[in-house]
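Asks: let's see this in three dimensions:
(2 chains)
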Amino acid sequence: MYRVRLFAVRHSRAFEWLYARLESTMVALDPLFARIGYGRIERPIAAIERATKGLLFDCKMCGQCVLSSTGMSCPMNCPKQLRNGPCGGVRPGGYCEVKPQMRCVWVLAWDGAARMKDGSKVRDVQPPVDRRLEGSSSWLRVSREKAAGLREAREASRTTIAKAFPDARAHEPATAPLATEPAAAIKPGRDQ
Amino acid sequence: MNDDQQLKPEPWLPSYDDPPPGHVSGSRLERVLRSGQFAVTAELNPPDSADPADVFEAARPLAEVADAINATDASGANCHMSSIGICSLLTRAGHGTIYQISCRDRNRIAIQGDVLGAAAMGVRNVLCLTGDGVGVGDQPGAKPVFDLDSLSLLRTIRTMRDEGTFLSGRRITRPPRMFLGAAENPCVPPLDWRPERLAKKVEAGADFIQTNYIFDVPVFERFMARVRDLGLERRVFILAGVGPLASARAARWMRSNVPGIHIPDAVIERIEKSAKPAEEGKRLCIELMQQIREIPGVAGVHVMAYRREHEVSEIVAESGVLKGRVPERRRTPVTK
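Replies: I've put the predicted structure just below:
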């Protein structure tokens, strides 16, 4: 809904806070999600996400949510679907070139970002949308990604060795493996 | 850099030389800008015809004063001869060209292929645009593509040029040597964010900027002041857009029908009150060029004289922005 969407942008700072909480909860739930299986929970979570974000932001379920970088104004509502707007056609008063009765999504985005604590993210250059991900849950994608990032950080030493000996790793993967080792494969007392 | 080098024509098939040191493309436009000279580019009105003679005819009034000629890509979503076709023809005739790419009509697969094609044809400058919506054009029922936007397009071509790979990561054996351009519209909302967005375009890979029409110098000066605060004028060459207005009626029509054009009432009034509106429009354009040239950080002008291309050389000559420099050494176009 257009008016709810405008409300969300006006309160971008509150939504930013809410989103950060939601994200850390999802990341914390990663072991549970992984046990149930991400494939199994994908559809119900996507349905919840579609309903919530559809109401609040007129979400189009692109699957690659950037709301936190666009002042809580969804760029997929831009008729040109710009991921890095606004275009040069903005009308006087900040209205859309293509839909003159609608406020420009990107004018709202820059204003919304200015109210946010971490609003400088609006300056990042966003890549084009991967159209294959349309309709899938962005929330799950983020929690999977972040959880994987945390795991990788825990295994930093292994990553460093893998990066330091790229040729050996390419030709003899066992010399610098990146995959997680099962406990049984490691000699007790020798590790760490 | 000596004069001789600057006057060297654009690359000529089939050679594919590396650019001179410190240059990304070696195009005439890049060489002029990097040597600190005030550059002039001009927009060509693309023909609704398949005859190459019509392209050369359209380029003729621009060639003698422009360092590079912009070939628009279905501007205003109206169908005309393609930009890549026009650039290929003009480049072979020794003209500097700027290949305009709009994201409205083609997806990332088509665009990346076209960039290689254009580079192979000798095109060395490219202007990355989002494009007007299809609704304003002559075929409003068309499907708008917008797979990329102007910034992801800039980043895509920069990746092709500097990393030598497609967006997919696949290798390109000879990368496209392109001088990367982007547009900016300093005089339309959100005025406060326009310089920030320019910074984003520089970050995405822009080497030069061509702005939309500047008719409101005070607004443009405020924009440029902010640009200098951000230090952007040292990282990108900014060419300000100018053009002659034919009459007050034409100006009002443009303002309400062409997306992204801001013309202050005072400007329209001045033309309306004049006995010879077309003459006054030309005078105004010359004055604007002279004022804009004095603003620190402006590296050149981009002349868009839609249907008044015959006036371009006179306007540029009278404005004195070239300071006696002759941009173009033309080859005789090869037609039959």
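Asks: after the helix or strand of chain B with the lowest mean pLDDT, which helix or strand is next?
Replies: Taking mean pLDDT, DSSP states H and E as the measure, chain B has helix B:3-6 as its least confident helix or strand, at a mean of 53. Counting by DSSP states H and E, the element after helix B:3-6 in chain order, helix or strand, is helix B:28-34.
Asks: those residues of chain B touching chain A, which are they?
Replies: B:103-104, B:108, B:130-133, B:135, B:144, B:146-152, B:155-156, B:167, B:183-185, B:188-190, B:192-193, B:196-197, B:199-200, B:203-204, B:212, B:259-260, B:262 (Cβ under 8 Å from any Cβ of the partner chain). Glycine gets a C-beta too; all of them are placed from N, C-alpha and C.
Asks: out of the residues you listed, name the ones that lie in helices.
Replies: Residues from these lying in helices, with DSSP state H as the criterion: B:108, B:150-152, B:155-156, B:196-197, B:199-200, B:203-204.
Asks: what subset of the residues you listed is buried?
Replies: Neighbour counting with 16 or more other Cβ atoms under 10 Å in any protein chain shown marks B:108, B:150-152, B:155-156, B:196-197, B:199-200, B:204 as buried within these.
Asks: make JSON lines out of those residues and add distance to residue B:22 and pLDDT.
Replies: Putting these into JSON lines (distance: Cβ to Cβ, whole Å; pLDDT from 0 to 100) gives the following:
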{"residue": "B:108", "distance to residue B:22": "30", "pLDDT": "97"}
{"residue": "B:150", "distance to residue B:22": "26", "pLDDT": "97"}
{"residue": "B:151", "distance to residue B:22": "25", "pLDDT": "97"}
{"residue": "B:152", "distance to residue B:22": "27", "pLDDT": "97"}
{"residue": "B:155", "distance to residue B:22": "22", "pLDDT": "97"}
{"residue": "B:156", "distance to residue B:22": "24", "pLDDT": "97"}
{"residue": "B:196", "distance to residue B:22": "28", "pLDDT": "97"}
{"residue": "B:197", "distance to residue B:22": "27", "pLDDT": "96"}
{"residue": "B:199", "distance to residue B:22": "23", "pLDDT": "97"}
{"residue": "B:200", "distance to residue B:22": "25", "pLDDT": "97"}
{"residue": "B:204", "distance to residue B:22": "21", "pLDDT": "97"}
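Asks: can you tell me which of the ones in helices among the residues of chain B next to chain A is closest to residue A:90?
Replies: Nearest to residue A:90 among these: residue B:197, at 10.8 Å, using Cβ to Cβ.
Asks: endpoint to endpoint, stretch B:125-134 covers what distance?
Replies: Taking Cα to Cα, to the nearest Å as the measure, stretch B:125-134 stretches 25 Å from start to finish.
Asks: can you give me the helices for the chain?
Replies: No chain was given, so I picked chain A. Assignment of helices within chain A using DSSP H yields the ranges A:2-10, A:12-28, A:30-36, A:38-57, A:105-115, A:138-154, A:156-164, A:166-171.
Asks: not what I meant, chain B
Replies: B:3-6, B:28-34, B:52-63, B:83-92, B:108-120, B:150-158, B:194-204, B:217-229, B:248-257, B:265-273, B:277-293, B:312-319.
Asks: so which bits of stretch B:265-278 are buried?
Replies: Here stretch B:265-278 shows B:267-268, B:270-271, B:274, B:277-278 as buried, counting by 16+ other Cβ under 10 Å.
Asks: residues in contact with residue A:111?
Replies: With Cβ atoms under 8 Å, 6 or more residues apart in numbering or on different chains as the criterion, the residues that contact residue A:111 are A:9, A:71, B:190.
Asks: burial check on the last one, number of neighbours?
Replies: Burial measure for residue B:190: 18 neighbouring residues, criterion other Cβ atoms under 10 Å in any protein chain shown.
Asks: the second one too?
Replies: When neighbours are counted by other Cβ under 10 Å, residue A:71 registers 27.
Asks: give the contact list for it.
Replies: By Cβ under 8 Å, 6+ apart, the residues touching residue A:71 are A:9, A:12, A:108-116, A:119, A:122.
Asks: for it, give me the pLDDT.
Replies: Residue-level confidence at residue A:71 comes out at 97, pLDDT.
Asks: closest to residue B:251 out of the helices of chain A?
Replies: Ranking the helices of chain A by their distance to residue B:251 (criterion: Cβ to Cβ) puts helix A:105-115 first, at 25.2 Å.
Asks: buried sites along the closest one?
Replies: A:105-115.
Asks: equivalent analysis for stretch A:8-20, please.
Replies: Buried residues in stretch A:8-20, defined by neighbour count with 16+ other Cβ under 10 Å: A:8-9, A:12-13, A:15-16, A:19.
Asks: can you list the residues you listed in JSON lines and add pLDDT and distance to residue A:53?
Replies: Converted to JSON lines, those look like this (pLDDT from 0 to 100; distance: Cβ to Cβ, whole Å):
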{"residue": "A:8", "pLDDT": "96", "distance to residue A:53": "10"}
{"residue": "A:9", "pLDDT": "96", "distance to residue A:53": "14"}
{"residue": "A:12", "pLDDT": "97", "distance to residue A:53": "14"}
{"residue": "A:13", "pLDDT": "97", "distance to residue A:53": "18"}
{"residue": "A:15", "pLDDT": "97", "distance to residue A:53": "11"}
{"residue": "A:16", "pLDDT": "96", "distance to residue A:53": "15"}
{"residue": "A:19", "pLDDT": "94", "distance to residue A:53": "10"}
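Asks: and those residues, which two are furthest apart?
Replies: Taking Cβ to Cβ as the measure, these reach their widest spread between A:9 and A:19, a distance of 13.5 Å.
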